[in-house]
Each structure stands twice: as C-alpha cells, then as structure tokens.
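Novice: give me the fold of what follows.
(chains A and B)
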Number of protein chains: 2
Amino acid sequence: MNHSSFFRMTVSVAVLGVSGIAQCVAAESTPPTAREVPARVLPVPDTVSPQMQKIIGTPLSPTWNVYPKTPEEWKAQVAKTADAAVRGLPAMRAALKVSIEPMTIDGVKAFMLTPAVIPPQNRNRLLIHVHGGCYVNGPGESGTSEATMMAGFGGFKVLSVDYRMPPDHPFPAALDDAMTVWKAAQKMAPAKNMGIIGSSAGGGLTLAVVLKAKMDKLPLPGAIAPGTPMSDLTGAGDSFHTNAMVDNVLIAYGASCDARAAMYANGRDLKDPLLSPVYGDMSGFPPTILNTGTRDLLLSNTVRVHRKLRQAGVEAALYVHEGQAHGGWYRDYTAPESKETFEEIGRFFDKHLGR
Amino acid sequence: MNHSSFFRMTVSVAVLGVSGIAQCVAAESTPPTAREVPARVLPVPDTVSPQMQKIIGTPLSPTWNVYPKTPEEWKAQVAKTADAAVRGLPAMRAALKVSIEPMTIDGVKAFMLTPAVIPPQNRNRLLIHVHGGCYVNGPGESGTSEATMMAGFGGFKVLSVDYRMPPDHPFPAALDDAMTVWKAAQKMAPAKNMGIIGSSAGGGLTLAVVLKAKMDKLPLPGAIAPGTPMSDLTGAGDSFHTNAMVDNVLIAYGASCDARAAMYANGRDLKDPLLSPVYGDMSGFPPTILNTGTRDLLLSNTVRVHRKLRQAGVEAALYVHEGQAHGGWYRDYTAPESKETFEEIGRFFDKHLGR
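Specialist: I've put the predicted structure just below:
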C-alpha cells in the first residue's frame, strides 16, 4: 500500500460497544473494549531476501478452510503432503552434505541426520529433533526437513523422532515416543551435551518433553530450541487475532492446524501443560532459544513462553524474523534467513551444551 | 472475535494482480504479490495485566489523523501534551522514590533522576536517557517519565537529556545535544560504566549517538537499551503494514509521528544512518537490549536492528511484549509489565556495565 492511498481509504475505526467515540476522551474511566481494524493490503516486504519474499508472498490457498473430516481423509491428505515433502529432501541433503539413516530406538522409529563434517566441539554432542505438522503431519522421512537444516548449517548429529500420530495415535503417543528416545539417548551422550529442537507442534513437544522429564526426575538437556511453539492450544494469545489472515501458513485460530491439534488432544483439557506448555512450571528449564516471525500466528505463543521462562529465571533468547509467518526460516534451505537462523541456533547450543 | 463468527464472516482473500487464484497452485513460478487482509475485530487480550488491558484497549483518538500544520500549532500541541504529562510525574516519583534535579551540562538542559537507594554495584554507574516523542514532543520535565521508571525500578542514577527540538531546532540539534552530554559525562563515570537508554525517537537517538561516537572516535558506552527505536524513517519494515491501525499509539506510517520526524529531518535524506540507524554500520556496538510489542508499528524496525546487530556479532537481546503497541511498557508505572521490563533492562545493564 502506498501512503496516500492508505489515507484515502475510508477508515472505519469502529469502537464496538455502546459508548462510542466519547470513550477516547474518557478512556481512563471506561473498561477497555474490542475494536475493529479495517481491511488492509499487505505488500510483500522488501526487507527480506528474494527467497523469503516468495515464501511471504505466497497467496492463501483457496481451500485453506476446507480440510479433511474423517480419519481416512486425514490419512490421505497426510500421505499426499508427505510424498511432496519427501521429493525435495535428497537435493537438500546433497546441498547441505547431510546423510540420513533410519533406525528404531526401543521400538520408536527415528532418523539420524549426520553432517559430512562434524566440528570437534560437536563430536560428543547430539540434538534430538521433534518435527512439526500440527501433531498429524510429517510422518517418516517427510518430518526430517528441519533436522536436516540443523545438521547441515549447525554441524550437529541430529536424531529426528518419527513419533506416532493421530488419527490412529492421539496424545500421549507422540510425547511417549519422544520420551522413549530421550531416555534411550542417555546412553548416546551425557544429557548436558544434548539439545532438543523442534518447531510448531515440535516446539510444543520440545517444551512438553522438558516438563515431563522434570516430572519424571529424568536428566534435562543442556539447551533447547523450540521454534514458534504451539504452546497454547486454548486460543489465548493476542496474535491469534492480530495476525489472523496475515499469517499465510496457519491463517487463523480454529483452522486446519487446530483441527489436527484437537485430534491429538482427543478430548483432554487443552490447558494441560503437556498439551499447552505455556501453563507449565518452567523453573529449572535449560537455556532456551525461541524463534518466531512478525507475521506468525503464534507470535504471542512464542513471546509468552519467553516471558514465562524469564520470570522463572531461565536464560532465554528470542528471535523474531522480519515479515515471516509461521516457521518461515525452515521452508527453503536456500534462503539466507534459513542459514542465518540455524547458525544462530547452533551458536546458542555451542554456548550452552557440554562437550 | 469468537471462532464461529470468524468463519461465518465473508472472507474476501483478494489475490491482487491479474493472476488470481491459479497462483496458489503455481506459486513457485510466479512473483510474490501483495494481498488484502479483511477487516477484523481485535479483542482486548486476557493474557496481560488489567493495567495493560486498559492501555491496549484504549480506542484510537477520533482525531488521530488530524494534527498541527504550522510551527505555532505544533508548539501549542506540544505544550498541551507536556503539561498533561508533567501533572502525573510527582506521584510517580513519590511512588518510585526518585528525586529530580534540573541542570545544565555544557549548555544543554538535562535532569538528573536519582533513586532513594542506589545498590552498591550501581554507585559508579550512570545511565544517559534520551526521551521519545517523535523528535518534537517531550520538552523539559515532561520527557523524564521513562528515565524515572528506569531510575526507580533499576536503582540507577539516570541523566535525562532535554535536547532541543523542532519546529525551532531540526536535525542535528537533538543529536548534537545528546553528544554534548555524552562527552561531558566522561567526567562523571568511566564510559564502560555508563549505559544509554531511550525509546521511540529516543531509541533512534540512542543508536545514532553510538554511530556518531564511533565516527568521532569517542568512547562507547558499556551497554545500550533502545526501546522500539525509530530506526527507519523511510517507511521500510513489514510491521508498518501488518500493524497499521492495530497499534493504537502510532497508528500508521505517515501519520502524526512521521510528520514530526519529517520536521526533524528537515529535508535531509531519510536513509542517513544518523536519522535511520538501521542503515548504519553496527560493528563494534556495545551489548544491546531491545524492547517492542506484538502490536507495535515499529516491531519490524526493532527486529531489523536486532538482526543487524547479530550480523555484526554484537550481543543483543530482544524482548517482545504480549499485546503491547508502541512503548506499552512505559505508559503506566503501576502495570506489572512496566516493572518487569525495567528490571529486565536493569539486569542487562548490571551484566554488561563496568562497576
């Protein structure tokens, strides 16, 4: 939008409720009210790379609000999306010089992503990865994209958990599988040499694993990197409103991602900290690096976790990426923003993990 | 907005340009396009304190787009706003146990804010404060509110610069005055024991002072705290669009604040780093703590500075406050978010300043 057109448009700043415009003068004495923001045009920002412009400028799918309703429809949609994702992975692994090895760890499927060169300081370190996909998408190899970037850009071995998912396996299957791998990983490296990373549902799971490890008196990792975590499934958080329709990935609260999360929750109270970790006790958490974007529907979910961690005295670093919607930094490994973000996460792990 | 009404509303996700809906399938091969977001209702978030709800829920002024056009009208508006601000200051100083002393430093007016109790580690430290007000508002005592909170919540002596402003004194008067005080302050404390803090225009000035000190080979402060900095007067930055009409303080790019900034710039190239510090060379900057809010029109201006600092290898911490528009954390000293934020800034200064 150019600025003159902005001011020409008919701005209907409706003050909802009965008190109307007079509130502006009497704001001190009246309760705060909801208000309407007018329709706006969002240009593609010129403050990001061409690759990121393409990601940010991708129009909403015309079917964003049409999604599967039955388990069979969900499975077909998940398989189709996974097939498309898997097709791009060999080229990325080749470019980032990362190899992949499927394995089974105490009955849980997983993939080990190993970079061609592991710097000396990372040889006794291991990262555990829990993928995103709103707790329903990303099965098998299709869930290893973020883990591959972390391995390649950061120079870490990354063990990506191929956890069980709905429709067949609701909560707590995913968390159980992640915990099984975390326990088994104690034989692979000292806990303090290990980090946990994951974004979106994987960010929620990263936080849930630490909460569960605390409950079960297990060793905690040396650092964690939850990206744009689904930390609050209840719909609380201001950016569910301010970034509704602005985020071209999640689009709005109550859309497809939350339908998938509901399948995962399977009727359980959404305020359970193992489903919505922002309600958990974060005291004693390891150092945490959080990533989100200015257009992210989960911007508030991320900054609220940051605040909770700081209130608990935990070292916590926040990165908010210009113009990016939900998880923009792991959509295209050729975007300079992707490399920069995973290098930043790598430096954070390097600073905080044992060797 | 409740979720059912959200999905009932007629969502006009207009894909602007000629290619239309077909782009969703062919997104890889077509250039990214602007898109329209529909009008939305923003509820007052329930994830912040009651005091912050009142600040966030304040309706836009019905005259937000009507502002002075002549120097005389500006002076009258500035004086009226200043008078109102000054009336609230004695109560805040009493509550926070901070005293104020006007002074003149090498010809520049200033105020020293001194807390009743200065903890031992802060006795040889000093913070320099440059107030906000879009380079035009906040003369005299009216510009000392943020400095008072920093002194009271952080336990620091704070020297607030009452710099000259337009209409009478455009660029570089404000920067010159801040530099005069920074030079004079070298006799008050070692540079490494001093920090610089300021928000909005004061955030821009904080960054400009460090850029100018680098140019002039002056000592640099030990740490700085630019809040929601006016780091880019050119209008670049995605949140100028995504948070337009969402931020109830600045409201939109090109509105009153930018009219004031234009008086300050006085025809100078807005990309000059001393006016728009995001375009400056930030290598060698001291550790920096940045604050902004999820509804802040300058969210992008803030996170872009964070990214530039990190690219230059500078230690930089970012805090993004839930639901807050421009500078929400220094509007009401009784809000728990205000105390928390200034305590966080204080801890950052304590970590990085010499003693």
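Novice: low-confidence ranges in the stretch 201-350 of chain A?
Specialist: Regions of the stretch 201-350 of chain A meeting the criterion pLDDT under 70 are absent.
Novice: let me see the domain layout of chain A.
Specialist: Domain assignment for chain A by automatic domain parsing gives A:1-41, A:50-352.
Novice: helices of the stretch 1-150 of chain A, residue ranges please.
Specialist: Counting by DSSP state H, counting those that start in this stretch, the stretch 1-150 of chain A has these helices, from start to end: A:3-8, A:50-57, A:71-87, A:89-96, A:145-154.
Novice: now render those as CSV, adding distance to residue A:263.
Specialist: C-beta here means a position set from N, CA and C on the backbone, and glycine is covered the same way. Listed next are those as CSV, based on distance: least, CB to CB, whole Å:
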stretch, distance to residue A:263
helix A:3-8, 42
helix A:50-57, 27
helix A:71-87, 7
helix A:89-96, 26
helix A:145-154, 22
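Novice: rank those helices by pLDDT, which is bottom?
Specialist: Of all the helices of the stretch 1-150 of chain A, mean pLDDT reaches its minimum on helix A:3-8 (a mean of 34).
Novice: quick one: residue A:120 from residue A:350, how far?
Specialist: Distance of residue A:120 to residue A:350, computed by CB to CB, to the nearest Å: 11 Å.
Novice: of these two, who's got more company?
Specialist: Neighbour count, other CB atoms under 10 Å in any protein chain shown: between residue A:120 and residue A:350, residue A:350 has more, with 18 against 8.
Novice: show me the contacts for the more buried one.
Specialist: A:121, A:122 (CB atoms under 8 Å, 6 or more residues apart in numbering or on different chains).
Novice: and it, what element?
Specialist: Per DSSP states H and E, residue A:350 falls inside helix A:336-352.
Novice: out of the helices of the stretch 1-150 of chain A, which comes closest to chain B?
Specialist: For chain B, the closest of the helices of the stretch 1-150 of chain A is helix A:50-57, at 2.0 Å, according to CB to the nearest CB.
Novice: packing partners for that closest one?
Specialist: When contacts are defined as 3 or more CB pairs under 8 Å, 6 or more residues apart in numbering or on different chains; DSSP states H and E, helix A:50-57 packs onto helix A:336-352.
Novice: residue contacts, residue A:348?
Specialist: Neighbour list for residue A:348: A:223, A:225, A:287, A:289, A:317 [criterion: CB under 8 Å, 6+ apart].
Novice: can you tell me how far it is from chain B?
Specialist: Distance from residue A:348 to chain B, counting by CB to the nearest CB, to the nearest Å: 11 Å.
Novice: repeat that for residue A:267.
Specialist: 18 Å.
Novice: and residue A:220, helix, strand or coil?
Specialist: coil (DSSP: H, G, I helix; E, B strand; the rest coil).
Novice: no no, residue A:213
Specialist: Going by three-state DSSP: residue A:213 is helix.
Novice: same check on residue A:232?
Specialist: coil.
Novice: so it sits against residue A:278, correct?
Specialist: Yes - using CB atoms under 8 Å as the test, residue A:232 is close enough to residue A:278 to be in contact (4.8 Å).
Novice: need the residues touching each of these two.
Specialist: Joint contacts of residue A:232 and residue A:278 (CB under 8 Å, 6+ apart) are A:301, A:304.
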